[in-house]
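> All I have is the shape, not the residue letters:
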Ligand code: FAD
Ligand code: SF4
Ligand code: SF4
């Protein structure tokens, strides 16, 4: 092993430069910079090159982390890029937005006494540097195949599958109801976590590879699913989950109470330069408003931090559990706290006040009770613990459920689970319809970009196997 490694006892953990609060709140640019080459190399050299690398075990893509850390430590950046991109379709995106504290870095063995290797920051630096150096090229097929594949959804799941299948030579057609490629990476996740040009350069690379995008194409709308099936040799459904969970209670229908994704999509579109009426007329714009965001996940964190950047008068996050029990990434909670967001822990909404528009949220204090069957502590209201929070914009960030795809696609035979996600064979990724596969959030429920990439890549392998098998059976029968 190169002497360069195992530096963790001498060299402390360093994270990339982070913009100061006042500067970063003034725009939607990313808050973290890349490492420069010497920093990346030095931080990579802290890795102890474990025989059983728990970082890799806990990375959904099983990225070969120790190898690309070693190559980075040795300054062999092009080889590091090649190893890193062999298992990950979008390493620079995962390096930015994976919750590393729960995945690779949270399981790094040196974390216990010395703080983990900054795996995510090094991963993004390797690929950003590779783009700068011109090493990132489209994965062109060696030969063309006649068969064509339809992919519904241009999010990370659909795109990961598209890249793999096109590299095998298939004619790949990606359909999306939006006008841009990227799914939640372009319209959900804000620019301060993932700048849009990072997603757009991947879109352009896929086009160079020969993937054909059909945008503003809603399947189940003007374009029937059955037509798509008839036109292509296989179909992959990667449509994500978009039905927002709602809040009941008095006043919940008042104007000024909006779903999180409507707010975020509007903000992202406005940031991309689109002329969005709901942003211009102020209905989906937090400027000057007292904002209350309800929820404790990553979507809620993205909403509070977007609102503060839009110039909200005040931003509060209402969550019924405490900080320790929040589902959102602790890194994002810390960033939100630094940016001036006030967290109102152990509090749940009861009613929304106002005549023609919301003016306040009536909430009640909660306490954590005994664990339920899942081991999670139940939350109970504290009697008499009512209070009001002034609000002229309330954002509901309570999670998402799948749309009713069998109804939308007019395919009653498309089987779903009791949560409404698509039922697939766990090995083949095939749905109940022959030749129709599914991957990403529409199978898992709301999850992570890295899991969608993993599923998209695996499903692509299974689609390839299915098409080859169908072709050989046809030849045998002739
Ligand atoms: P999506 O990204 O949702 O893409 C699905 C695509 O299908 C969309 O483009 C949609 O327009 C299209 N589509 C849907 N229905 C149709 C139809 N009928 N016809 C045509 N097209 C259709 N994950 C992380 O790892 N890190 C984060 O920091 C993070 N932050 C998040 C923040 C927010 C606000 C949200 C909502 C999610 C976040 N996630 C994060 C989760 C992550 O974005 C998703 O898990 C991931 O994008 C799922 O990928 P997917 O390809 O399955 O679906
Ligand atoms: Fe860590 Fe995510 Fe990269 Fe895997 S893909 S190494 S979990 S940052
Ligand atoms: Fe290196 Fe940590 Fe992974 Fe071990 S667990 S190989 S120290 S990054």
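On my side now, so go ahead. Everything quoted here is computed from the prediction, not taken from an experiment. Ligands and ions are numbered 1, 2, ... in the order given.

> How about the contacts made by residue 30?
Each residue near residue 30 by Cβ atoms under 8 Å, 6 or more residues apart in numbering is listed here: 96, 191, 192, 193, 194, 195. No exception for glycine: its C-beta is placed from N, CA and C like everyone else's.

> doesn't residue 128 make contact with the first one?
So that's residue 96. No. Using Cβ atoms under 8 Å, residue 96 makes no contact with residue 128, being 9.5 Å away.

> if we can go back for a sec, mark which of the contacts of residue 30 are buried, thanks.
Neighbour counting with 16 or more other Cβ atoms under 10 Å marks 96, 191, 192, 193, 194 as buried within these.

> Which ones among the residues you listed lie within helices?
In helices, judged by DSSP state H, the following of the buried ones among the contacts of residue 30 are found: residue 96.

> Would you mind putting the buried ones among the contacts of residue 30 into TSV with pLDDT and distance to ligand 2 alongside?
Below are the buried ones among the contacts of residue 30 laid out as TSV (pLDDT from 0 to 100; distance: Cβ to the nearest ligand atom, whole Å):
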residue	pLDDT	distance to ligand 2
96	96	8
191	97	19
192	97	18
193	97	13
194	97	13
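
> Can you tell me which of the contacts of residue 30 is nearest residue 82?
Nearest to residue 82, judged by Cβ to Cβ, of those is residue 96 at 20.2 Å.

> Can you tell me the closest non-neighbouring residue to residue 141?
Using Cβ to Cβ, 6 or more residues apart in numbering and skipping the chain neighbours, the partner closest in space to residue 141 is residue 169 (3.8 Å).

> Look at that neighbour and give its secondary structure.
Reducing the assignment at residue 169 to three states with DSSP: H, G, I helix; E, B strand; the rest coil gives coil.

> ok, now which ones touch the residue in the stretch 301-450 of the chain positioned nearest to ligand 3?
When scored by Cβ to the nearest ligand atom, the stretch 301-450 of the chain has residue 450 as its residue closest to ligand 3, at 16.3 Å. Contacts for residue 450 (Cβ under 8 Å, 6+ apart) come out as 59, 60, 61, 94, 98, 103.

> what residues go with each domain of the chain?
According to the domain assignment given by automatic domain parsing, the chain is divided into the following structural domains: 7-133, 148-241+402-477, 246-396.

> what's the closest of the ones you listed to residue 140?
Closest approach to residue 140 among the domains of the chain is made by domain 148-241+402-477 (6.4 Å; Cβ to Cβ).

> Not counting sequence-adjacent ones, nearest residue to the residue in the stretch 251-400 of the chain that ligand 1 sits nearest to?
When distances are taken as Cβ to the nearest ligand atom, the stretch 251-400 of the chain reaches nearest to ligand 1 at residue 299, 4.0 Å away. Spatial nearest neighbour of residue 299, chain neighbours left out: residue 397 (4.4 Å); criterion: Cβ to Cβ, 6+ apart.

> do residue 34 as well
With Cβ to Cβ, 6+ apart as the measure, residue 125 is the residue that lies nearest to residue 34, at 4.6 Å, once sequence neighbours are left out.

> Retrieve the pLDDT associated with residue 115.
We note a pLDDT of 87 for residue 115 in this prediction.

> should've said residue 411
At residue 411, the predicted lDDT confidence score is 95.

> Span of stretch 273-283 from start to end?
Here the two ends of stretch 273-283 are set 18 Å apart, with distance taken as Cα to Cα, to the nearest Å.

> Now do that stretch, average pLDDT.
89.

> Stretch 199-215 too?
For stretch 199-215, mean pLDDT rounds to 98.

> which regions of the stretch 51-200 of the chain sit below the pLDDT cut-off?
Low-confidence segments of the stretch 51-200 of the chain, defined by pLDDT under 70, are located at 112-114.

> quick one, phi/psi of the nearest residue to residue 224 once chain neighbours are set aside?
The shortest distance from residue 224 to any residue other than its chain neighbours is 6.7 Å, reached at residue 410 (Cβ to Cβ, 6+ apart). With angles defined as degrees, to the nearest 10, residue 410 sits at phi 60, psi 40.

> count of neighbours near residue 410?
One way to gauge burial is a neighbour count; for residue 410, by other Cβ atoms under 10 Å, it gives 11.

> If we check ligand 1, which of the contacts of residue 30 are in contact?
Residues shared between those and the neighbourhood of ligand 1 are residue 193 [Cβ under 6 Å from any ligand atom].

> out of the contacts of residue 30, who's nearest ligand 1?
residue 193 (5.6 Å).

> The closest one contacts residue 97, correct?
Yes. Counting by Cβ under 8 Å, residue 193 sits close enough to residue 97 to count as a contact (5.4 Å).

> what sits up against the host helix or strand of residue 443?
When elements are assigned from DSSP states H and E, residue 443 belongs to helix 441-444. The set of residues external to helix 441-444 that reach it, using Cβ under 8 Å, 6+ apart, is 153, 155, 157, 237-241, 400, 402, 405, 421-422, 424, 429, 447, 451-452, 455.

> how close does the residue nearest to residue 299 sit to ligand 2?
Taking Cβ to the nearest ligand atom, to the nearest Å as the measure, residue 397 and ligand 2 are separated by 23 Å.

> if I pick that residue, what's in contact with it?
Neighbour list for residue 397: 260, 293, 294, 295, 297, 299, 300, 303 [criterion: Cβ under 8 Å, 6+ apart].

> Quick check: residues of the stretch 101-250 of the chain near ligand 1?
For the stretch 101-250 of the chain, the contact set with ligand 1 under Cβ under 6 Å from any ligand atom comprises 152-158, 175-178, 183-185, 188-189, 193, 218-220, 238-240.

> Any of the residues you listed buried? List them.
152-158, 175-178, 183-185, 188-189, 193, 219-220, 238-240.

> Might you specify the subset of those located within helices?
Cross-referencing these against helices under DSSP H gives 156, 157, 158, 184, 185.

> Export these to TSV and append columns for distance to residue 311.
Formatted as TSV, those follow (distance: Cβ to Cβ, whole Å):
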residue	distance to residue 311
156	31
157	35
158	35
184	25
185	25
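
> Go through those and say which is closest to residue 145.
Proximity of these to residue 145 (Cβ to Cβ) peaks at residue 158, which lies at 19.1 Å.
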